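Novice: A predicted structure for the sequence below; I have some questions about it.
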Amino acid sequence: MTSADLTPPGPDADTTPSAGVRQADEQRQQQLAALRGIADHQTRQLLDGRLAWTAWLNLADRHGRFGFTNTLLIGAQHAAATEIRTYNDWQAHSRQVRKGEHGIRLISRQDVPYSGFDITQTDGPALDSTPPTQPAPTSDALERLLRVAADLGVYVDRGTWPYLGRPNRRIVLPGELDDELALTVMAHQLSHVLQSGEHPDPDPQTPCRGVRRVRADSIAYLTLTHLGADPGEIRFPLISSWAGTDPRAPALNAASNTATQIVRASQQIRRRLESSPPTPPAPSATPTATARAAPEPQPKDLVKALAQAHDYFRARLPDSWVPKYLTERGIPPAALDTWTIGYAPTQGMLEHLKTLGFTDSTLQDAGLTRDTGNRRRPLFSDRLVLPLRTPDGTVVGFIGRRPDTGRGPKYLNTPTTSLFNKSQTLFGLHEHRDRLSTGARPLLVEGPLDVIAVATAAPDGLAPLAPCGTTLTTEHLAILHRHADLDTVGLVLALDGDAPGQRAMLRTWKTLLQVNGPIDAVILPKDQDPADILRYQGSVNVHEALRSVVPLADLVVDAQIDRFGGTLDHAEHQVAAARAAAGLIAQMPQSEITRQVPRVATATGVPSNIVTTLVADAISPDIPAPPAPEHSPLPGRTSPTSTHRPSRRPSR
């Protein structure tokens, strides 16, 4: 630790006090300018995507109390820091900053540079406020947020009785939401409540999109993280889509102002959560009470309950809106039986299953019911219902699709149970396992109706499958390997043609690297998925759309070049794009590396030998690469004013 980390520099012995004050002020201004320059650089990295928005949110989760600018400074100086305090604050907690440790430079609210130190830079007793090692149950986290809403004077409408108060003080939680979804919705809606002039959704005058949506989702992300819940399902658009692309101040200011609002609101929620701790667990039951408790439902009981529920849904199908809806979407009546589609009415299922002898505990553990206050209700209400099966055909859960004019999420899955885990289930695997075993290529689409749409079009040699509300996982691939020769036939991805669908496609490529067979991607028309094409253009066009395939590796590499190369007008942009692409290519099989190097050379204007050097350096970064020779950009591109050589290591 140096003295500069503790006190500002003093005047020299042979200068006047006023000169010393001026010198100290100049040094302070220099430090401020340097720190603000670092923060601006980090903000620009957020704008161009080099620093992911979720990476900043994770910094804000740990250090949000220091403000937006300081979270960026902490990330630039000590990204792994977990608990930062000043030297005196650590001393007050009986911890000592170790000798030789350099402080993390921050800016106070009075624009004074100061230093903080992470707990890893100190020695001493453990802090009293050690975070819990296990996250709280979702139901407890939801209860804490409901108490926060009550403290704020907000009414949470769960469909129990009418509300006649101010609309900006009412949050609606659709009745069919399970605790996990309800928790996410609550965190999102509370962010609207805390923003001046905003109303909870739905707000017809201010739709939840653009910067409003990003701000609310970001506050929800931080709130869920603080509660120990998983915020992974929250997705964020590119910052340029809501902050703008102007390289001057407006985009920087938009990002900075929005981030500052996010930090302030999330800290307000956090303070209220800390003043409303989790409800302590109930005392353990006495041995006598334990002996009298109802026995835990067995897996076979859950399987029977789900099978009976499926029969009930099937029996209610003819008198529902589902057959007409599917016909309008181009799905033939025969598909109703092929896919054993059913309908979940608003009431009647629980009473029916109880008459068959199933207990409340069994129905809850099977994922068929949910608790809403003091009442237990069916999870699926007024929904088209599709069974989720194991490969051998056992029903382990359901996925329900609401009508187009209905409330709540479009698709609703059975929550995780002892039988069902969405990371291990593929819709359509049971129906297509015979085709897979005879050499059909798995075709991964986004949703169950896409699976049915592709199956309706009956493409040659393809077996459509869909994950259940999550991205492709290693568990999915392990299951697929048991039913298909992936190392020979590979697989095809056909996700939605909109921007989120394309990003989801690119996110899966690292998971797919473990497959040795060819990995291709279907390029669907913009903003269309197979179900949309079937509905509006017919099965022939679905069949035709699935023929437009390109290697997934090409899309991944091209996207990386577009992200880091910009317009590729200058040599430094060309080399930056080539270096970024090389980092991805280095992770690919040797046959793919050989194919990608000339593609990157053509796309960027960087000679093949330099691209090869960059790839080799990315594969073995500890071996210094030879200096790259000079090169000229492709014809038609602006020549650089100075010679540029790529660095010996790719940027990380």
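Specialist: Happy to help now that I have it.
Novice: which other helices and strands contact whichever helix or strand Ser361 is part of?
Specialist: Using DSSP states H and E, Ser361 falls within helix 360-365. For helix 360-365, the packing partners by 3 or more CB pairs under 8 Å, 6 or more residues apart in numbering; DSSP states H and E come out as helix 299-315, strand 369-372, strand 375-378. Where C-beta positions appear, they are placed from N, C-alpha and C, glycine not excepted.
Novice: Mind telling me which of these the model trusts least?
Specialist: For the helices and strands packed on helix 360-365, mean pLDDT drops lowest on strand 369-372, to a mean of 80.
Novice: Looks like His188 contacts Ala216 (just checking).
Specialist: Yes - checked against CB atoms under 8 Å, the pair His188 and Ala216 is within contact range at 5.0 Å.
Novice: Tabulate the helices and strands packed on helix 360-365 (CSV), appending distance to Thr425 and mean neighbour count.
Specialist: Shown next, in CSV, are the helices and strands packed on helix 360-365 (distance: least, CB to CB, whole Å; neighbours: other CB atoms under 10 Å):
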stretch, distance to Thr425, mean neighbour count
helix 299-315, 13, 18
strand 369-372, 20, 18
strand 375-378, 21, 16
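Novice: Ala254: which of these is closest?
Specialist: Nearest to Ala254 among the helices and strands packed on helix 360-365 is strand 369-372; the distance by CB to CB comes to 39.5 Å.
Novice: from the chain's centre, how far out does that closest one sit?
Specialist: 26 Å (CA atoms, centre = their mean, to the nearest Å).
Novice: Tell me which strands it pairs with, and in which orientation.
Specialist: Strand pairing for strand 369-372, determined by DSSP bridges: strand 375-378 (antiparallel).
Novice: next structured bit after the partner strand?
Specialist: As assigned by DSSP H and E, the chain's next helix or strand after strand 375-378 is strand 383-389.
Novice: Which elements pack onto the following helix or strand past that following strand?
Specialist: Sequence order places strand 395-401 as the next helix or strand after strand 383-389, per DSSP H and E. Strand 395-401 sits against helix 299-315, strand 383-389, strand 411-413, helix 448-457, with contacts defined as 3+ CB pairs under 8 Å, 6+ apart.
Novice: Quick one: residues in contact with strand 395-401.
Specialist: With CB atoms under 8 Å, 6 or more residues apart in numbering as the test, strand 395-401 has contacts from 176, 303, 306-307, 309-310, 313, 344, 367, 379-380, 383-390, 410-414, 417, 419-420, 425, 427, 448-449, 468-469.
Novice: Are any of the residues you listed buried, and if so which?
Specialist: Buried subset of these (neighbour count, 16 or more other CB atoms under 10 Å): 176, 303, 306, 309-310, 313, 344, 367, 379-380, 383-390, 411-414, 417, 419-420, 425, 427, 448-449, 468-469.
Novice: burial count for the residue lying closest to Thr567 once chain neighbours are set aside?
Specialist: Among residues not flanking Thr567 along the chain, His573 sits closest, at 7.0 Å (CB to CB, 6 or more residues apart in numbering). Counted by other CB atoms under 10 Å, the residues lying close to His573 total 21.
Novice: Same question for the one 3 residues further on.
Specialist: Other residues lying near Ala576 total 23 when counted by other CB under 10 Å.
Novice: Packing partners of the host helix or strand of it?
Specialist: Taking DSSP H and E as the criterion, Ala576 maps to helix 571-585. Applying 3+ CB pairs under 8 Å, 6+ apart, one finds that helix 571-585 contacts helix 552-565, helix 590-604, helix 608-619.
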